[in-house]
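A.B. asks: test case, fold it:
(chains A and B)
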Amino acid sequence: MSEFDAIVVGAGPAGSSSAIKLASSGLSVLLVERADPPGSKNVSGGILWGNELAKVIPDWEKNAPLERFVVSKGTGLLTDDSLISIDFRSKKLENNKTGYSVLRAKFDQFLANKAKASGATLVTGVTVDKVAFKDRKVIGVEQEGDVISSDVVILAEGANPRVAIDSGLREPIGDRDVAIGIKEVIRLPETTINERFNLRGSQGYAGEYVLGFLKDGVKAGGFLYTNKETISIGAVINAADLRANNSTYSYNIMEQFVTHPFIAPYLEGGKVEEYSAHLVCEGGIKSVPRLSGDGYMIAGDSASLGFSNGLVIQGMNYAITSGIAAAEAAIEAKTKGNFSAASLHSYDEKLALNYVLEDMKNFKGIEGVTWSSLMHKAVPRIAEKVFFDMFYETGEPKRHLSEILLESIAGSGMSKSQLILEAYRAARRM
Amino acid sequence: MQIEEKLSLLNYKTDKGYEHITVKPDICAVCPDHFCTFACPASCYTLIEGKLNFKYEDCVECGTCFFACSHGSVAWSNPKGGHGVKYKYG
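C.D. replies: Sure, this is the predicted structure:
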């Protein structure tokens, strides 16, 4: 007889959503979180996209600690001297809210408390070392040599999944699975944020940038999200490039981004309140491990479930959806009285049916586009030259756009055929 | 803003009795790249007169060094008992 029906490791969006679903369906649940209070070790960019949370917290939009809703979505290319950007700003995003900025320390504490209110036993400040096995079946978790038993363990420990790795349930994380995320939270008066980003009330801006100014083959993206009275700004750095370069400090890339001539004015006069770092799942479907087995399932970032195509970075919605799917699989297993690999495989099937694995399969290889030289080097340079040459008045006869474009491509360091090939590949994968 | 200044903004509950990350000095002494010094966002790994110096106290538990080190020097565990970094915003 197990002490709990289910043990959930990690009280982030995946773990807490899972625990809410399990507990409200009448299962006995232990939710173990190593941070105290819950949320105090969690970091994300963080825009929460979608309405997945409604499945476990119907009134979340009213009651969760949300910062602003995204009314303006920017995508920009940064070179040393220029910012070339497209902003999608729409009343449609006001009437159909789809993205909210959140600060995870507060947000995740809200989710963990919801799990507790649903009947889950929440323990904080407790670090699970490993899962416990009996006859190669997971039978609970181990902490300081003590075993707490359960019929099923759901691992939702985030992007640095120590328990899953140390228990041999997934391969260690490598360069191709993650990017290095660095973030700062910068305090500014609400009115200043509204003025600088052309916002009113709870409207928010979410921008993704290509840091095309980086040298020596290092590639990184940037993000800038508005909160009520702070700005979340960060860099997402390709680990393999940083390794190949081996002379650029990750934190200096972040500093270059926040001091860029067209980013710094957004932040001017602001007080840096917090510096943080977190891995970002970027490996796509190739990084996803075996999702379930005898007595266990892996959800959220721990299972590398996330999506990024350069225009948008998503993780929390995948975490919530996978956490709920794991809970549903556990509830069915409980009804059947069968927690074997075959029974829990219904988790994999649920993820295949909803958008999580579908997206990851459909966009297989997208990471090759988001991290391509085309996107990070050639396109920013070409765009800068095209726009500058178009707008710069020389007093000489004007040239056709096609002529400027060809000349800009010639100066981009990529051959025309290489560019066409890469652009075709990119378009196909996006 | 220097990285030291950024790190000084953070709150930690430091576990004085337990280092959650350890390195093997023999391996680091002959390391050809010291990629950890470039990768770690919290500058926990630095070279002092050519010798690798590691301090776990500034660690933000991101996990970068575990895969950054390709020479098997870094042993990584989560801090215990609620110790380690405590974010206010996250």
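A.B. asks: and the longest helix that chain A contains, what does it pack onto?
C.D. replies: Counting residues, the longest helix found in chain A (DSSP state H) is helix A:316-336. Where contact means 3 or more C-beta pairs under 8 Å, 6 or more residues apart in numbering or on different chains; DSSP states H and E, helix A:316-336 is packed against strand A:4-9, helix A:13-24, strand A:47-49, strand A:146-155, strand A:296-298, helix A:341-353, helix A:355-362. Any C-beta I mention is one placed from the backbone N, CA and C, and that applies to glycine too.
A.B. asks: does any bit of the host helix or strand of A:Gln256 sit next to chain B?
C.D. replies: Taking DSSP states H and E as the definition, A:Gln256 sits inside helix A:250-258. Yes. Using C-beta under 8 Å from any C-beta of the partner chain, we find that helix A:250-258 touches chain B at A:250-251, A:254-255.
A.B. asks: how about the residues you listed in TSV, adding neighbour count and pLDDT?
C.D. replies: What follows is the residues of helix A:250-258 next to chain B, written out as TSV (neighbours: other C-beta atoms under 10 Å in any protein chain shown; pLDDT from 0 to 100):
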residue	neighbour count	pLDDT
A:Ser250	26	98
A:Tyr251	24	98
A:Met254	29	98
A:Glu255	17	97
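A.B. asks: what does the pLDDT read for B:Asp33?
C.D. replies: Note for B:Asp33: predicted pLDDT of 97.
A.B. asks: that one touches A:Asn246, doesn't it?
C.D. replies: Yes. Contact status for B:Asp33 versus A:Asn246: in contact at 5.4 Å, counting by C-beta atoms under 8 Å.
A.B. asks: bridge partners for A:Gln203, pull those for me.
C.D. replies: A:Phe69 (DSSP bridges).
A.B. asks: I figured it hits A:Arg68, correct?
C.D. replies: Yes. Between A:Gln203 and A:Arg68 there is a contact under C-beta under 8 Å: 6.4 Å.
A.B. asks: pull up the overlap in contacts between the two.
C.D. replies: In terms of C-beta atoms under 8 Å, 6 or more residues apart in numbering or on different chains, A:Gln203 and A:Arg68 are not both contacted by any residue.
A.B. asks: give me the pLDDT for the residue positioned nearest the centre of chain B.
C.D. replies: What sits nearest the mean C-alpha location of chain B, by C-alpha atoms, centre = their mean, is B:Cys44, with 3.8 Å. Looking at B:Cys44, its pLDDT stands at 98.
A.B. asks: do A:Ser72 as well
C.D. replies: pLDDT recorded at A:Ser72 is 97.
A.B. asks: gap between the helix or strand in which it is found and the chain center?
C.D. replies: Assigned by DSSP H and E, A:Ser72 falls within strand A:69-78. Put simply, strand A:69-78 sits 16 Å off its chain's centre (C-alpha atoms, centre = their mean, to the nearest Å).
A.B. asks: quick check: next helix or strand after it?
C.D. replies: The C-terminal neighbour of strand A:69-78 among helices and strands, as given by DSSP H and E, is strand A:83-89.
A.B. asks: residues contacting stretch A:412-419, please?
C.D. replies: In this structure, residues lying in contact with stretch A:412-419 by C-beta under 8 Å, 6+ apart are A:373-374, A:377-378, A:381-382, A:385, A:406, A:409-410, A:422.
A.B. asks: how about stretch B:64-75?
C.D. replies: In this structure, residues lying in contact with stretch B:64-75 by C-beta under 8 Å, 6+ apart are A:160, A:172-175, A:177-178, A:180, A:239, A:243, A:250, A:277, A:279, B:21-24, B:27-28, B:31, B:35-36, B:39-41, B:44-45, B:76.
A.B. asks: distance from the chain centre to it, please.
C.D. replies: With C-alpha atoms, centre = their mean as the basis, stretch B:64-75 stands 10 Å off its chain's centre.
A.B. asks: distance between the ends of it?
C.D. replies: This stretch, stretch B:64-75, spans 12 Å end to end (C-alpha to C-alpha, to the nearest Å).
A.B. asks: that stretch - what's its average pLDDT?
C.D. replies: Across stretch B:64-75, pLDDT averages out at 97.
A.B. asks: same check on stretch A:348-365?
C.D. replies: Across stretch A:348-365, pLDDT averages out at 88.
A.B. asks: pull out the buried residues from that stretch.
C.D. replies: Residues A:348, A:350-351, A:354, A:356-357, A:359-360, A:363 are the ones in stretch A:348-365 that count as buried (16 or more other C-beta atoms under 10 Å in any protein chain shown).
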